[in-house]
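Undergrad: What follows is a protein structure lacking sequence information:
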């Protein structure tokens, strides 16, 4: 049910197809985030028009509001949010560990207080799986401990816990129409990452994720770690780099063999008036755009770029109109999807490196200019 | 270019077709308001899917931001906001007179201070027309004084000024691809309304509006005034009741011969979590809807009602997600458009009265229940 076909490889970059109960996913792919069962400011119909193939929803948020039982009673997450294509849910681990002062970890799980009302809750590997089964996404994630520290002994402890929890997640799982992805941890320590990759891939899972990156380490450390982990991941399974989603990171990640990405960045930047382009970011709140008749990005064919000027979008921002966030979200998600689709074609055409180098140069020039 | 064909009449209710440079408008019709060149939270593509035939934009707001010259340079309002169907602009009069403390009227025009930055500006009949010509809507409005007072002598004064200004607007007008509608004033005084209707219709204009209603007077006074004014308006011209848009007012207005309506209500209520239905309003923030699998309104066929439960919309409201306003705006505008379309069919079928009575009964029962 969750077959992954590697259809082309160029260097380490991979083009594939992952099948799920709600359809195929052509990888490499960017997955927009619908934290609260909605990709902020967009309808499912707009997401389809953009060409979104799979989206992500957050277990922690949906568990608290409206509750996973409620979503299950409505018919599951697909029905609830009217999205009939694939969905991936995270395990809630990342959010819970981000609560820092509000959570306490033990061998068995994590006790935490809701960021909403301070009420006490507990996640264990078993409950994280039960909640995700109740939500009913196509791909669910093992409950892991994401250590955003550079302290090696803590990172090792968190990694070991992640390993034991992965085993318990696998045992707890009851639905066979959901793919459980394991998560490799180990910070930026090569030996820990190797150890974690070996341990997690000792379970024959339909996919593997790389967690604990893009949490404050240097870009160089992130890319080096990616190389180490990917060298230990099996070729016939998809690889998902969690929480990463700038054009630069997409290109460098795909170059190192990553197949799937997610990030809140395109919609968050949109709400803060920034457009992502292949040549860097534009802040459309800037008065320099007030008379600019050009589209956000003349190389883009999204609904926003086909039909509206920078001047109009700048006016929407200036007058605090909601449509600004909608149009910029459409554009930003389109940018990330089109980058991953273009790179996919060039992997298939076996000219990935030169195309990726050109894209990186465009991004670099904008940074300098 | 602005031919109005009255195709059916049942009692005083009228069904017609108004032609404009950007297409036909089937009346009676509700016009959503895009105050700042955007109908809040909706894309033009969503407005088309809803079936919107014409929308309204506000001269006062667009004059201040981004400026009518800027819009003109971009190619006019249609191009600026990517709306290729008819647009109507108001004259700015209503907004300027609403500024109360910030404006000063004289024989020639109004001096006012911007609600945004306190800067001083001046509207005259001539400048209101020049701005509207610069924006380029299909239908433009005469610059009038809307007196929201019950003081007869002030209302008479404002009416006389409105009459002189109408004459000046007509003289100032230079474009012949725009229809100038005159505005009847006179408060709730039958003799003043008669006098105003006679005076304004002495100019052969392509349409006439009824201003100064729904500004605090009783429902009874509003409907009586409508009857008086409509009795003096020519049959072969469209009649526009300004700023009115509840289901009840639509039905009672159409019953008395009104052809066009506009109101911010459907989008404003949407942002405040309320759904307009043919049986009254629902506040979807209410916890009673949290597990409700039904659509907002099971008699409605809009995108929101076809695809989403009340539980989902309540969740979006509860988590402050922008999609709530979008879905409720789609629904509310659809409700008003479908009411006007249904009533149109029943005018053509010559069974308007019984159908309107049934609709009014449904609204009444909800109010009592």
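TA: Yep, it's here. All figures in this text were calculated on a predicted structure; none of them were measured in a lab. Numbers count the residues shown, from 1 in each chain, chains lettered A, B, ... in the order given.

Undergrad: hang on, residue A:111 is in a strand, isn't it?
TA: Yes: in this structure, residue A:111 lies within a strand as judged by DSSP: H, G, I helix; E, B strand; the rest coil.

Undergrad: Dig out what it forms beta bridges with.
TA: residue A:104, residue A:122 (DSSP bridges).

Undergrad: Quick check: which element contains the most centrally placed residue in chain A?
TA: Centroid-nearest residue in chain A, with CA atoms, centre = their mean: residue A:262, separated by 1.3 Å. According to DSSP states H and E, residue A:262 maps onto strand A:260-263.

Undergrad: That strand: which residues count as buried?
TA: For strand A:260-263, a neighbour-count test (16 or more other CB atoms under 10 Å in any protein chain shown) marks A:260, A:261, A:262, A:263 as buried. Every residue, glycine included, has its C-beta placed from N, CA and C.

Undergrad: chain center to stretch A:323-333, what's the gap?
TA: Averaging C-alpha positions (CA atoms, centre = their mean, to the nearest Å) puts stretch A:323-333 18 Å from its chain's average.

Undergrad: how far away is the residue nearest to the centre of chain A from chain B?
TA: If you measure residue A:262 against chain B using CB to the nearest CB, to the nearest Å, the figure is 18 Å.

Undergrad: before we move on, what about residue A:233?
TA: Here the criterion is CB to the nearest CB. By it, residue A:233 lies 36 Å from chain B.

Undergrad: Shouldn't that residue be within a strand?
TA: No: using three-state DSSP, the assignment for residue A:233 is coil, not a strand.

Undergrad: what does the model give it for pLDDT?
TA: pLDDT, residue A:233: 98.

Undergrad: residues in contact with it?
TA: A:184, A:197, A:201, A:208, A:239, A:257 (CB atoms under 8 Å, 6 or more residues apart in numbering or on different chains).

Undergrad: try 6 Å
TA: Listed by CB atoms under 6 Å, 6 or more residues apart in numbering or on different chains, the contact partners of residue A:233 are A:208, A:239.

Undergrad: Repeat that for residue A:183.
TA: By CB under 6 Å, 6+ apart, the neighbours of residue A:183 are A:142, A:144, A:209, A:211.

Undergrad: need the residues you listed in TSV with secondary structure, neighbour count and distance to residue B:82, can you?
TA: Output for the contacts of residue A:183, formatted as TSV (DSSP: H, G, I helix; E, B strand; the rest coil; neighbours: other CB atoms under 10 Å in any protein chain shown; distance: CB to CB, whole Å):
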residue	secondary structure	neighbour count	distance to residue B:82
A:142	coil	31	46
A:144	coil	31	45
A:209	strand	30	40
A:211	coil	29	42
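
Undergrad: Please identify which of these is nearest to residue A:112.
TA: residue A:144 (14.9 Å; CB to CB).

Undergrad: buried set for stretch A:290-297?
TA: A:290, A:291, A:292, A:295, A:296, A:297.

Undergrad: And for the residue lying closest to the second one once chain neighbours are set aside, the neighbour number?
TA: In space, and not counting its chain neighbours, residue A:291 is closest to residue A:311: 5.5 Å by CB to CB, 6 or more residues apart in numbering or on different chains. Neighbour count of residue A:311, defined by other CB atoms under 10 Å in any protein chain shown: 21.
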